[in-house]
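S.K.: coords please:
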Amino acid sequence: MKIVVLKIGIAILNGIYFFIKLCPIQKNKITFISRQADKASLDFRMLEIELKAQNEHCKIIMLCKTLQNGLLKKIGYCFHMLTQMYHIATSKVVILDSYCIPICILKQKKKLTVIQIWHALGSLKKFGYSTLNKKDGRDSKIAKTMKMHQNYTYILTSSTASAFFFREAFNVKEEQMLIMNLPRVDFLQSQKAKHEIMQCFYEVYPEAKNGKENILYCPTKRKENNIPIETIAKQIPFENYNLIIKLHDGTEIVYIEEQKIQKESHFSGMELLHIGDYIITDYSAICYEAAVSKKPIYFYTYDYEEYMKDRGIYIDYKKEMPGPISKDFKEIIKLIKEKQYDIRKIRGILQ
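M.R.: Below is the predicted model:
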């Protein structure tokens, strides 16, 4: 029944889009679309600045809105999709960093160029077509009905190794892959950006300006959202460290002297990489960005067997990850205190 409803909805949208496509293309118009967040990402902002620097007549449209649970919010997103449809139909180029429903399910103009930059620097955890019918993946029938990841002209990836896995995840041809780093790499290597972000961070969290080192924990998304945050916080030696947690949904939590400080999110994971002295993650591709910033990386894998079964990753995790791996958070802290990491492995992940 769900598939039938989806097919009817797609047919209706294509009928509406037929008339929207009668609007002429604006040759200098570039539309950015994301459902990763309700505001433009770092990559989008940096691309916008560069595009305007190269062509002052370039018209940039930013359409960033998350698809949230709840009937009213889903209805609101449907109206947002109509806005997307108009701007897609009248743009010369559309740039995405995630799956976009109107791009994939609708019949696009032949002159439209669609560039998928994705929201990760490299491939680690499996996604898209690599996870069909897995517990933490996509239903193959729904993916087929929704034409998942179709109508892309090009897909960006950071290396030939990642390109192989991205081709599988997006189910595309080799000639559609472009080896090209995301703008965030320049940001992560910028000392000016680091200084500015640190200044902003300590304005928002003045309590953290206490001379202690910062541990940044960035776990990947889990459907059950069963990340043991409180247990983790109890094991931090706050006499030496502050703890910063950045969850996949954007939630930002800071622990200072065992005091939990949770405010409206101010910083992205990329920005917080400039703040963290030590990075703890698990199966998140943020490990690649952490390697670019040359920070010590530790891998807390309390649910390793379950995650490998339900989702899986593209590489030999225990062999290739550039830092210590442990299911025991106390051991991770012990390794941080002893500064147990090999910077050569961190450099090696970038090669």
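
S.K.: Only C-alpha atoms from now on, for both contacts and neighbour counts.
M.R.: Noted.

S.K.: Past the host helix or strand of Ile16, which element shows up next along the chain?
M.R.: Ile16 is part of helix 2-20, with elements assigned from DSSP states H and E. Using DSSP H and E, the helix or strand that follows helix 2-20 in sequence is strand 26-34.

S.K.: residue boundaries of the strands in the stretch 1-150 of the chain?
M.R.: Ranges of strands in the stretch 1-150 of the chain, per DSSP state E, counting those that start in this stretch, are 26-34, 59-64, 91-96, 113-116.

S.K.: mind listing what's buried in the longest one?
M.R.: The neighbour-count criterion (16 or more other Cα atoms under 10 Å) identifies Lys29, Ile30, Thr31, Phe32, Ile33, Ser34 as the buried residues of strand 26-34.

S.K.: Tell me if I'm right that the third one and Tyr86 touch.
M.R.: No: the pair Thr31 / Tyr86 is not scored as a contact, 10.4 Å apart, by Cα atoms under 8 Å.

S.K.: For the stretch 1-150 of the chain, which residues score under the pLDDT cut-off?
M.R.: For the stretch 1-150 of the chain, no stretch has pLDDT under 70.

S.K.: Now with 90, please.
M.R.: Residues of the stretch 1-150 of the chain meeting the criterion pLDDT under 90: 1-2, 37, 67-75, 120-124, 134-138.

S.K.: same deal with the stretch 251-351 of the chain?
M.R.: Along the stretch 251-351 of the chain, segments meeting pLDDT under 90 span 251, 257-258, 262-266, 293-294, 310, 315, 319-322, 339-351.

S.K.: tell me which residues in the host helix or strand of Ala233 are buried?
M.R.: Element membership for Ala233, per DSSP H and E: helix 229-234. Buried residues in helix 229-234, counting neighbours by 16+ other Cα under 10 Å, are found at Ala233.

S.K.: re earlier: could you export the strands of the stretch 1-150 of the chain as TSV, including distance to Arg184?
M.R.: Output for the strands of the stretch 1-150 of the chain, formatted as TSV (distance: least, Cα to Cα, whole Å):
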stretch	distance to Arg184
strand 26-34	16
strand 59-64	18
strand 91-96	15
strand 113-116	15
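
S.K.: Mind checking those strands for the one nearest to Lys334?
M.R.: Evaluated with Cα to Cα, those place strand 26-34 nearest to Lys334, the distance being 39.3 Å.

S.K.: Return the closest one as CSV; C-alpha atoms alone will do.
M.R.: Extracted in CSV, the C-alpha atoms of strand 26-34 (Å, rounded to 0.1, in the frame of the first residue of the first chain):
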residue,chain,number,x,y,z
GLN,A,26,18.2,31.6,-15.5
LYS,A,27,21.7,31.1,-16.9
ASN,A,28,23.5,32.5,-13.9
LYS,A,29,21.4,30.8,-11.3
ILE,A,30,22.8,28.1,-9.0
THR,A,31,20.7,26.4,-6.4
PHE,A,32,22.0,24.7,-3.3
ILE,A,33,19.7,22.1,-1.7
SER,A,34,20.2,20.2,1.6
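
S.K.: count of neighbours near Asn210?
M.R.: 12 (other Cα atoms under 10 Å).

S.K.: Check the gap between it and Glu239 for me.
M.R.: Per Cα to Cα, to the nearest Å, Asn210 is found 10 Å from Glu239.

S.K.: for Leu72, same thing?
M.R.: Going from Leu72 to Glu239 by Cα to Cα gives 46 Å.

S.K.: if we can go back for a sec, just give me how far the helix holding Ala233 sits from the chain centre.
M.R.: Here helix 229-234 is found 24 Å from its chain centre; the criterion is Cα atoms, centre = their mean, to the nearest Å.

S.K.: what residues does it touch?
M.R.: With contacts defined as Cα atoms under 8 Å, 6 or more residues apart in numbering, helix 229-234 is touched by Leu243, Tyr255, Glu258, Phe329.

S.K.: So which of the residues you listed are in helices?
M.R.: Using DSSP state H, the subset of these located in helices is Phe329.

S.K.: which one among the contacts of helix 229-234 gets closest to Ile286?
M.R.: Leu243 (17.3 Å).

S.K.: ok, the closest one - contacts?
M.R.: Here Leu243 is in contact with Asn214, Ile215, Leu216, Tyr217, Ala233, Ile236, Val254, Tyr255, Ile256 (Cα under 8 Å, 6+ apart).

S.K.: Who is Phe299 paired with across the strands?
M.R.: Phe299 has these beta-bridge partners by DSSP bridges: Thr281, Ile325.

S.K.: All good on my end, thank you.
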